[in-house]
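Peer 1: give me a 3D structure for the following:
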Amino acid sequence: MQERLIQLLALLPVHDRSGAAPLSPDHLDGHLCAALCLQAADEPVAVLDTCWGQDWAEALVEQELLDEFMAWLEERWQALQEALDPQQLHQDPDALPLAEVLPWAIDRLGAGAPSGQMPAAARAWAEGFLHQCQAEAHPDADPELLGVIAALTMDEGPELLGYLQEAYDRPQDIGAAALIDDALFAAQDLRQAPR
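Peer 2: The predicted structure is shown next:
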């Protein structure tokens with residue numbers, strides 16, 4: 001199924017995104033999560049319209065693949081919407097339901113050693129999330145919470161080290177799994193923030 005999704009996403013235009021690589025399912029999940037957390041869209045099509053313009057579906061229509069793609073898109077939107085239900089998040093603030101619907105996050109506990117690299121899927125999700133926030137231009141989005149999510153995109157080096165030293169009491173003990181958990185909690189907190 002994942003390979004099929006990658007094939008479909010490769011048909012979307014690459015403009016308005018950094019780089020020329022085809023969109024990945026994880027990257028699109030990030031876009032959808034951000035739209036839900038910012039309450040910026042009532043339906044997933046609006047997310048694609050915002051970042052890719054009104055003509056994003058042309059190649060899918062030409063190859064009669066739009067219905068297949070839309071079925072997957074609606075399914076993902078519904079799953080993310082349920083995981084980010086504000087009432088559920090409020091009732092159990094220590095739960096991390098978002099992790100249960102993101103395939104890469106389910107395996108986060110095995111995500112490298114403290115000095116290991118961030119999994120590519122986690123980075124792609126965070127990049128999609130941040131790109132959507134930028135496209136939506138929401139001035140009320142908490143920059144501190146966005147910074148926690150942005151940590152997933154940082155390469156090993158001075159930038160990440162500086163972030164860890166500022167954000168954590170024991171930065172040497174913080175690995176990829178902890179950064180992922182904190183980023184997902186940050187997304188859930190954004191979802192609950194008053195608009």
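Peer 1: which residues touch the spatially most central residue of the chain?
Peer 2: Centrality entry for the chain: nearest residue to the mean C-alpha point is Gly30, 2.0 Å, by CA atoms, centre = their mean. Residues near Gly30 by CB atoms under 8 Å, 6 or more residues apart in numbering: 124-132. Where C-beta positions appear, they are placed from N, C-alpha and C, glycine not excepted.
Peer 1: next one: Leu32
Peer 2: Counting by CB under 8 Å, 6+ apart, Leu32 has contacts 44, 47, 76-77, 80, 132.
Peer 1: Met154 now?
Peer 2: Neighbour list for Met154: 118, 160, 163 [criterion: CB under 8 Å, 6+ apart].
Peer 1: just give me the neighbour total for Tyr168.
Peer 2: 14 (other CB atoms under 10 Å).
Peer 1: please report the distance of it from Gly162.
Peer 2: 12 Å (CB to CB, to the nearest Å).
Peer 1: same thing with Met70?
Peer 2: Counting by CB to CB - Met70 and Gly162 are separated by 43 Å.
Peer 1: circling back: what's the closest of the contacts of Gly30 to Pro103?
Peer 2: Nearest to Pro103 among those: Trp125, at 10.1 Å, using CB to CB.
Peer 1: which helices and strands does the helix or strand containing the closest one pack with?
Peer 2: When elements are assigned from DSSP states H and E, Trp125 belongs to helix 120-136. In terms of contacts (3 or more CB pairs under 8 Å, 6 or more residues apart in numbering; DSSP states H and E), helix 120-136 is packed against helix 25-37, helix 44-52, helix 103-106, helix 143-150, helix 176-192.
Peer 1: give me the pLDDT for the nearest residue to Leu8 once chain neighbours are set aside.
Peer 2: Using CB to CB, 6 or more residues apart in numbering and skipping residues adjacent in sequence, the residue nearest Leu8 is Phe69, 4.9 Å away. Predicted confidence (pLDDT) for Phe69: 94.
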